Every structure is written in C-alpha cells, then in structure tokens.
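# What follows is a predicted protein model with its sequence.
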Amino acid sequence: MKEIVLATDLGGTNLRMAAVDCNGTILYRTKERTPRSKDGHAILDAIVSMGEECRVKLGSATLVAVATAVPGTIDFENGVITNAPNLPELNGFAMAGELRKRLGIAAVLENDANAAAIGEHWLGASKDVDNSVMVTLGTGVGGGIFVHGKVVRGKDGTAGEIGHINVEPDGPACGCGSHGCVEQYSSASAVVRIAGELAATHPESALNRAEDLSAEEIYEIALAGDAAAGEVFRIQGYYLGIMLAGVINTLNPDCIVIGGGASGSWDLFIPHLRSELKARSYKEPAERAKIVRSGLGDDAGILGGVRLGFLSAASRLEAADSTL
Ligand SMILES: [Zn+2]
C-alpha cells in the first residue's frame with residue numbers, strides 16, 4: 001500500500017497541507033487561513049481536520065506521519081514549539097505529541113527555514129550538496145544550514161537565524177530585540193517599509209502613486225525604470241551581500257539557495273549582493289559558493305517536511321535527527 005506523509009506549512013497568514021509520497025509527488029493539497037485563538041488549539045484542530053480530509057481523499061493509502069513547518073524555534077527532539085514570534089499562542093506548545101495522539105501517526109515539527117533547506121537538499125537546488133545555506137526572504141528573513149550533510153540546529157534549536165545577523169549597528173529596531181538586523185533591509189516587509197521612506201523623500205517617484213504597495217508592485221515600478229524603486233532593491237541586495245559574506249567566511253559552503261516571496265526581485269538585487277560578496281569575503285570561498293534560486297519555490301518547506309516525516313515514521317525520530 002502506498003505510504004503518504006502529510007506535510008503542513010504553518011504560516012502567520014495561511015495554513016497549507018499536502019499529502020505526498022516518498023518520491024515527493026504531491027497527491028492532494030488543501031489550504032485555509034491560519035485560525036487564531038488564545039491558545040494553540042485552533043491551529044491544532046485545523047491541522048487535524050485537514051489531515052482527516054486528506055485521509056478521506058486518499059482512500060486506501062497509508063498515512064505514516066504528519067510533519068509541520070513552524071515559523072519559530074523548535075525543540076526538535078521533544079516536538080515542542082519554543083518560540084513563535086508571529087503566532088505567540090503556540091509558545092511552549094507540545095504540538096507533535098498532540099498531533100500524534102489525534103491523528104494516530106508519527107509527528108514531527110521543524111523550523112520553517114530548516115524545512116525549506118531540507119526540501120532543497122532532498123529534491124531542489126542544493127540536491128545532494130553537503131554544505132549549503134538556505135535563505136528565505138519572506139515576512140522575515142530565515143535561514144537553514146547544512147554542514148557535512150546535516151542540518152545545524154544548535155543547542156537551543158536557534159542555529160541558522162541568519163536574518164538576525166547585524167548589518168547596521170544603529171539600524172531600525174527588530175522584533176528580536178536588536179537593531180539593524182538584515183531582516184530590516186531584505187525581507188518583504190523591509191522592502192515595503194524602505195519604499196515608503198524613499199517615496200517621502202522622492203516626490204517625483206512612482207512609489208507615491210498608491211499607498212500600501214506590495215513588494216511585487218514595488219518591483220514592477222522598479223522594472224519600469226523608477227530610480228527610487230530601484231534603490232529599494234539595491235539596499236535589499238547590499239545588506240544581504242554583507243550578511244552572506246560573513247556566512248561564507250564562517251561556513252565555506254558549496255552553495256547558497258535563496259527563496260521565499262521576496263526573492264522574486266532576484267534580477268534587481270543579485271548584482272549588488274554579488275559585488276558585496278566579492279568585496280567582503282575570502283576569495284576562494286566566495287568563488288566556490290554558488291548563489292542559486294530555490295528550485296522548489298513555495299513547496300520547499302512542504303517537501304522538507306515530507307523528508308522528515310518519512311524518516312520519523314514508526315518512531316524513527318532518532319534516525320531523522322542523526323540523518324538530517
Ligand atoms: Zn533581529
């Protein structure tokens with residue numbers, strides 16, 4: 001009988017689930033807005049009911065695990081969400097155990113950027129590459145690091161938080177409590193904020209055309225030749241380059257994969273990113289590190305979850321930890 005993993009991508013806005021086989025073929029998808037409640041049970045209930053929906057749709061297939069990619073810090077071994085800044089009702093929630101009980105299958109949690117890195121390593125842009133860094137440019141900036149073929153989670157599960165590497169000591173306040181993290185310059189939210197700041201000082205710019213421009217709309221304005229909009233993406237690439245130069249000097253990776261919604265402005269930011277890498281990192285590692293776009297797009301986290309789900313099925317969580 002065909003074995004299936006249910007992989008959930010839990011975002012601040014949307015909750016997506018896919019039923020996927022061991023080759024990474026997506027057999028069924030479902031999606032809803034992330035429900036909010038005082039504690040995490042609204043989210044738990046939604047995942048359980050989406051799981052039941054998949055079970056019905058797939059008929060005779062055997063569900064072996066549910067894997068959830070979470071925007072926050074995870075205690076991987078114990079399946080507990082330690083800290084989820086955008087979904088604080090989940091802080092301290094032992095979600096893996098609850099899912100195991102309710103769905104009757106193995107359950108594993110992973111940080112969303114780590115899950116994306118695992119997906120890219122399994123089937124995407126860093127397939128079979130031993131040393132890689134995944135950068136996700138979304139509402140925030142996330143990171144997932146592979147060293148010698150294993151995810152680096154660190155003692156507290158916070159390793160890979162490259163979005164909170166400082167690039168301007170006195171820069172804007174960041175949600176992490178620091179100032180001037182790269183997340184404040186290179187995330188989708190930062191693109192929108194910086195465009196607003198530049199619009200105010202450039203009355204001639206088409207950035208003043210409408211309020212509440214999205215990162216995609218700002219990108220379109222820049223493509224049409226608007227100088228202030230172009231500056232937004234120079235800033236995005238410049239600071240990403242400064243951060244990644246430090247990462248390359250620290251880790252000497254084979255490959256850096258950049259994904260997430262705000263990586264859509266790739267062609268505008270990448271020249272600035274590359275020139276900072278060249279200026280700021282050691283020559284050999286800077287030349288070695290291939291900078292590539294995500295191969296799996298929005299499904300990177302889902303597919304990373306699938307990989308973990310198969311490894312953790314039948315209580316092989318220890319195997320998952322030692323393999324990835
Ligand atoms: Zn920060």
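Cool, the structure landed.
# Could you count how many residues lie near V56?
Neighbours of V56 under the rule other Cβ atoms under 10 Å: 9. Bear in mind the C-beta positions are built from the backbone N, C-alpha and C, glycine included.
# End to end on stretch 141-156, go ahead and measure it.
19 Å (Cα to Cα, to the nearest Å).
# Now that stretch: buried residues?
V141, G142, G143, G144, I145, F146, V151, V152, R153 (16 or more other Cβ atoms under 10 Å).
# Spell out which parts of the stretch 101-250 of the chain neighbour the ion.
Neighbours of the ion within the stretch 101-250 of the chain, by Cβ under 5 Å from the ion: H164, C174, C176, S178, C181.
# if you set the cut-off to 6 Å instead, what comes out?
By Cβ under 6 Å from the ion, the part of the stretch 101-250 of the chain that sits against the ion consists of H164, C174, C176, S178, C181, E183.
# buried residues in stretch 9-21?
Quick answer for stretch 9-21 (16+ other Cβ under 10 Å): D9, L10, G11, L15, R16, M17, A18, A19, V20, D21.
# how about the strands in the stretch 201-324 of the chain?
255-259, 290-293 (DSSP state E, counting those that start in this stretch).
# If you could redo that for the stretch 1-150 of the chain, that was the one I meant.
3-10, 14-21, 26-33, 62-70, 73-75, 80-83, 106-111, 132-137, 141-147, 150-151.
# so which of the ones you listed comes closest to G92?
Distance to G92, taken as Cβ to Cβ, is lowest for strand 80-83 among the strands of the stretch 1-150 of the chain, at 6.9 Å.
# what's the closest one packed up against?
In terms of contacts (3 or more Cβ pairs under 8 Å, 6 or more residues apart in numbering; DSSP states H and E), strand 80-83 is packed against strand 73-75, helix 95-103.
# shouldn't A19 be in contact with G59?
No: counting by Cβ atoms under 8 Å, A19 stays clear of G59, with 11.1 Å between them.
# How much space separates L90 from K155?
21 Å (Cβ to Cβ, to the nearest Å).
# List the buried residues in stretch 60-74.
For stretch 60-74, by 16+ other Cβ under 10 Å, it's 61, 63-74.
# gap between the two ends of that stretch?
33 Å.
# thinking again about what came up before, return the closest of the buried residues of stretch 9-21 with respect to the ion.
Lowest distance from the ion to those (Cβ to the ion) belongs to G11, with 19.0 Å.
# Does the closest one touch K31 like I think?
No: counting by Cβ under 8 Å, no contact exists between G11 and K31, whose distance comes to 10.1 Å.
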